[in-house]
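Participant: Pasting the sequence and the predicted coordinates here, then a few questions.
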Amino acid sequence: MVILHEMGDFLYELFPQAGRDPAKLPGILEDAYAIGPFKPRVQIEGNVVRIEFDEIAADRHQGDFRKLAKLCDAGDYAKARPLLDRMIVENPGVSEYHRFRGQILSDLGDQEAAVDSLIEALRWDPRNKAALLMMGNIQTRHRGNLDVALRYVREAYRIAPQDITVLNNLGALEMKQGNLVAARDLFHQVLSIHPNYVQSMYALASMDADSGDHASAVGLGLRALKSHKRNDGLGKHLLQQVLQWAHRVCDEFPSVVRDGYAAKLEIVGGRPIKFHADSSLGGAAAASIQFAEIHGRDHHLVRYKPDVVAGAHLQMHELVHLELALEARAANCNCVIVSDGEHFAAFKKAMEPALRRLQSIGEPQENVAAFVRSVFHGLNARSYNGPIDLVIELRLFEEFPQLRPVQFLSLHRLTREALVSVVESASIEHVTPEILKAVKVYNLTLALLFEHFYGVSMVGEFKASPKERERAEMLWSEAQRIYRERQPGAEYPWLLRWADQLHTSAYFDLVDEAEYLSSLQDAGDLLSAVEEDPLGLDSGLVEKASDSTRFQENQRKIQEQQGINFAIAHHMVSAREYFARLSQPEIQGIAMEIAMLGAGGIAPEKDGYTVRSLAGQVFTGTRLLAWYYASFALALPQILPQLGLPFEKEWAWAVDQPL
């Protein structure tokens, strides 16, 4: 057996008792490497010290060594230590045995003894990279001595300049020392050898963040996340760190990206696009788009909550909705979703078991009605938007790489919210199983998309059944195909097919946009008829006369007792808030559409009224009457006396309230 040492600083680091005197080395090395009574021959040949043993027993411990490695990997040091002690006694010249002892002692907290064992390992094999790196780690973490740590790790680098673990460790030490240029070069060397080495990507990302380049930090961090693909301690730390960097990108994200995209769509669609910050935006959506044609405007309007994190992503998302509609419109196949009282009635019938449970525990009828409306709108939103949103996010990810940090932060929030809504929300116990399954499938596709983009899996947290997961994976796979094929309007039959599979298609209709716009125009032609007969008293529905008399009497009693009907008054305030964002022609159109419903009678005690131009809302009779009065008061006040609605006091009170 022969051991070779190069003369130099590192040799004297291992044998400091020589005092850097070459003449003392032979005697010191003979004593250091003696095995029992047997000493090696030590010769200095130029710049190399040669240590030669006449005979050392062959290593008889290969099986024990493999067992030792498994025990150490498992942290079972109680079994590993006696085995290792025996192996060292029987064959003390094996460097790795001493290195393992150093690892065990360090993990158990005895850093001084660990250093001694590692020095012994290096005496037997000065080229033991693992021992050199471990010495560097101990000097850094436990002794705070970066200079000494660098000497050991640089020696490992000299021995193995292509070893990625050595390169990464040296890069980390150079970064701690403030040698940023050298550190970057080392980390890039790692990635040139192993492009997906997580630790080096994370280190470079941290350096970019420290220098203020948060977009680059997020990009590298996301690469590291996708390469790691594990929800262990490192994976969780990476996720939280990248989320923090992404927040900084959101603060710095230029609006020119959004505005440039909007300008392109203005040219394609021939209409301007306006953005309106609206803190009162209702529902869970933090952004929405109103198409000019549907709302009778000369412009499309993107409304958004100004205080939502990563709001730029949501606004861009709405613009892609418009782009998809423009593409479908050019091919004469654009559709809109509509939902009326019949759809709501079908939904209430499906929810009857849950409603009976709520009523049996004494939940107030008003709360039950509000809950049913909320679930109804949420389910329709998922049925329509769930599939399309996947296509939109794929388009954003591929076509707007500068948006990715913001998209990542926003999708993380949305996926967490989707998870809570089907796993942790207290309301899920009041939803029928079939409806919950449908929502879970739609929401699970968002988790699949998030994992596809970033390698972070939340799928298991959804606690989906095998069938639910299979359907979600199929829907996600089809979304990728729809995105790749880019057929205008292909999303409409696709989402309707999935609504059929998940049994949600009974709660909405998809109608041709041209036909829908035509129906809105027909509604506008009713203005003269409304002016002549606002309540439809000449329509032949003479049974309304007794209903109207009873209603007027009830209203009179309420006013006598309370002064005004506060239920009506508060609904009028909410109507004013909504109409404040609309033009006079838009309010007039809503007024006329409600008047059409009024021709068939509006019963205050009933629920489930819908108004097409107020998409996504379901009204009680009382609320609809309040909005009926408010719309005419604002847009057609000359007709107001003809409505026969005794709400003058309520309207006067509502007008005095601040918006």
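Facilitator: Good, I have the coordinates.

Participant: since we're on Gly563, how many residues are nearby?
Facilitator: 12 (other C-beta atoms under 10 Å). (Glycine included, C-beta is placed from N, CA and C.)

Participant: do the same with the one 5 residues further on
Facilitator: Other residues lying near Ile568 total 25 when counted by other C-beta under 10 Å.

Participant: what helix or strand does it sit in?
Facilitator: Assessed by DSSP states H and E, Ile568 sits inside helix 566-579.

Participant: helices and strands around the next helix or strand after that helix, which ones?
Facilitator: Next in sequence after helix 566-579, counting helices and strands by DSSP H and E, comes helix 584-598. Contact analysis of helix 584-598 by 3 or more C-beta pairs under 8 Å, 6 or more residues apart in numbering; DSSP states H and E lists helix 513-524, helix 527-532, helix 621-635 as its packing neighbours.

Participant: run the last query once more with 6 Å
Facilitator: Counting contacts by 3 or more C-beta pairs under 6 Å, 6 or more residues apart in numbering; DSSP states H and E, helix 584-598 packs against helix 527-532, helix 621-635.

Participant: now, of those helices, which is deepest in the fold?
Facilitator: helix 621-635 (a mean of 24; mean count of other C-beta atoms under 10 Å).

Participant: so what's Gln189 closest to, chain neighbours aside?
Facilitator: Leu167 (5.3 Å; C-beta to C-beta, 6 or more residues apart in numbering).

Participant: what residues are up against that neighbour?
Facilitator: Leu167 is in contact with 186, 189-190, counting by C-beta atoms under 6 Å, 6 or more residues apart in numbering.

Participant: For the helix holding Ile568, buried residues please.
Facilitator: Across helix 566-579, burial judged by 16 or more other C-beta atoms under 10 Å covers 567-576, 578-579.

Participant: of those residues, closest to Val391?
Facilitator: Tyr578 (30.2 Å; C-beta to C-beta).

Participant: Longest helix in the chain, please.
Facilitator: Longest helix of the chain, by residue count under DSSP state H: helix 365-399.

Participant: Show me what the next helix or strand after that one is packed against.
Facilitator: Counting by DSSP H and E, the next helix or strand C-terminal to helix 365-399 is helix 404-423. When contacts are defined as 3+ C-beta pairs under 6 Å, 6+ apart, helix 404-423 packs onto helix 233-252, helix 311-330, helix 433-454.

Participant: Turn those helices into JSON lines, columns for mean neighbour count and distance to Val338.
Facilitator: Output for the helices and strands packed on helix 404-423, formatted as JSON lines (neighbours: other C-beta atoms under 10 Å; distance: least, C-beta to C-beta, whole Å):
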{"stretch": "helix 233-252", "mean neighbour count": "17", "distance to Val338": "35"}
{"stretch": "helix 311-330", "mean neighbour count": "21", "distance to Val338": "15"}
{"stretch": "helix 433-454", "mean neighbour count": "21", "distance to Val338": "19"}
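
Participant: thinking again about what came up before, how far is the longest helix of the chain from where the chain is centred?
Facilitator: Centroid separation between helix 365-399 and its chain, computed with C-alpha atoms, centre = their mean, to the nearest Å, is 16 Å.

Participant: which helices and strands sit right next to it?
Facilitator: Counting contacts by 3+ C-beta pairs under 6 Å, 6+ apart, helix 365-399 is packed against helix 311-330, helix 433-454, helix 466-485, helix 491-501.

Participant: Pull out the buried residues from that helix.
Facilitator: Neighbour-count burial for helix 365-399 flags 368-369, 371-373, 375-397 (criterion: 16+ other C-beta under 10 Å).

Participant: Check stretch 465-476 too.
Facilitator: Residues of stretch 465-476 classed as buried: 468-469, 471-472, 475-476 (neighbour count, 16+ other C-beta under 10 Å).

Participant: that older thread, would you single out the least confident of the helices and strands packed on helix 584-598?
Facilitator: For the helices and strands packed on helix 584-598, mean pLDDT drops lowest on helix 527-532, to a mean of 41.

Participant: quick one: low-confidence parts of the stretch 151-300 of the chain?
Facilitator: Along the stretch 151-300 of the chain, segments meeting pLDDT under 70 span 282-284.

Participant: Tell me where it has strands.
Facilitator: All strands of the stretch 151-300 of the chain, identified by DSSP state E, counting those that start in this stretch, fall at 273-277, 287-290, 300-304.

Participant: Determine which stretch of those is the most buried.
Facilitator: Of all the strands of the stretch 151-300 of the chain, strand 300-304 carries the top mean neighbour count, a mean of 23, counting by mean count of other C-beta under 10 Å.

Participant: coming back round to it: between the helices and strands packed on helix 584-598, which one is closest to His5.
Facilitator: helix 621-635 (89.7 Å).

Participant: So which elements touch that closest one?
Facilitator: Helix 621-635 packs on helix 566-579, helix 584-598, going by 3+ C-beta pairs under 6 Å, 6+ apart.

Participant: possible to save the ones you listed as a markdown table with mean pLDDT and distance to Tyr609?
Facilitator: A markdown table is the format used below for the helices and strands packed on helix 621-635 (pLDDT from 0 to 100; distance: least, C-beta to C-beta, whole Å):
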| stretch | mean pLDDT | distance to Tyr609 |
| --- | --- | --- |
| helix 566-579 | 87 | 12 |
| helix 584-598 | 80 | 7 |
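
Participant: now these as JSON lines including distance to Leu281?
Facilitator: Shown next, in JSON lines, are these (distance: least, C-beta to C-beta, whole Å):
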{"stretch": "helix 566-579", "distance to Leu281": "11"}
{"stretch": "helix 584-598", "distance to Leu281": "17"}
